[in-house]
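[1] what would the 3D arrangement of this be:
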Amino acid sequence: MTRVLILCTHNSARSQMGEGLLRRLAREHDLTLEVHSAGTEATRVKPQAVEVMAELGVDLSAHTSKKVLDVPDPWAFDYVITVCDSAAENCPSYPARTTRLHYPFTDPSGGSHDRWREVRDQMKRQLEAFVLALRNGQDAPESYEQTPIVAAS
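    Below is the predicted model:
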C-alpha cells in the first residue's frame, strides 16, 4: 500500500483539507492509499476547513491537529507532500525512498468562504492529478504549476 503524508505548519487547514480530499479521490479512482496529515506544529482544525469540505461531502469533523511524530510510523511514507512554504523549509529529513513534493497553496485563513472554496478547489485539481498519475503508473506531478494529468482512456 502506498503511504502519503500531507504536511503544513499547523495541520489546521490545508493539510487537513488535503487529507480528506486525497482519501476521497483515491476511492473515486480505485487507488489504495493510506493518507495522513500533520504539521510541524499542532494547533486545532479550523472550522472553515470543516465547513467547505462538508460542501463536497468530505467530513473533517472528527479530525484533530497533530505533529509528524503523532502519525503512525512517521518515517515510512512513500510520498510527503508539503502544502505551504514554511512546511517545505522545516520538513524533517525522510529516507531516500520517500518522494517529497511541494504543492504550495495560499493560506485561506482570515479569508472569506469563497477564498476557502478557491483554495479547496485548487487542492482538489492538484491532488486529482497526483492520484491519476499514481493510478496510471506515471510520475507524480513535481509541482503545483505542472499541467494536471488527464485520465487514460
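[2] so what's the gap between the biggest helix by length in the chain and the chain middle?
    In terms of residue count, the longest helix belonging to the chain (DSSP state H) is helix 113-135. Taking C-alpha atoms, centre = their mean, to the nearest Å, one finds the center of helix 113-135 at 9 Å from the center of the full chain.
[3] pull out the buried residues from it.
    Buried residues in helix 113-135, counted by 16 or more other C-beta atoms under 10 Å: 115-120, 123-124, 126-135. All C-beta atoms are positioned from the backbone trio N, CA, C, and that covers glycine.
[4] same question, stretch 90-105
    Cys91, Tyr94, Arg100, Leu101, His102, Tyr103, Pro104, Phe105.
[5] which SSE is the second one in?
    Using DSSP states H and E, no element contains Tyr94; it sits outside every helix and strand.
[6] so how far is Glu51 from it?
    Between Tyr94 and Glu51 the distance is 32 Å, computed by C-beta to C-beta, to the nearest Å.
[7] ditto for the last one
    According to C-beta to C-beta, Phe105 stands 17 Å off from Glu51.
[8] was I right to think Gln48 contacts Ala13?
    Yes. Using C-beta atoms under 8 Å, Gln48 and Ala13 qualify as a contacting pair, with a distance of 7.3 Å.
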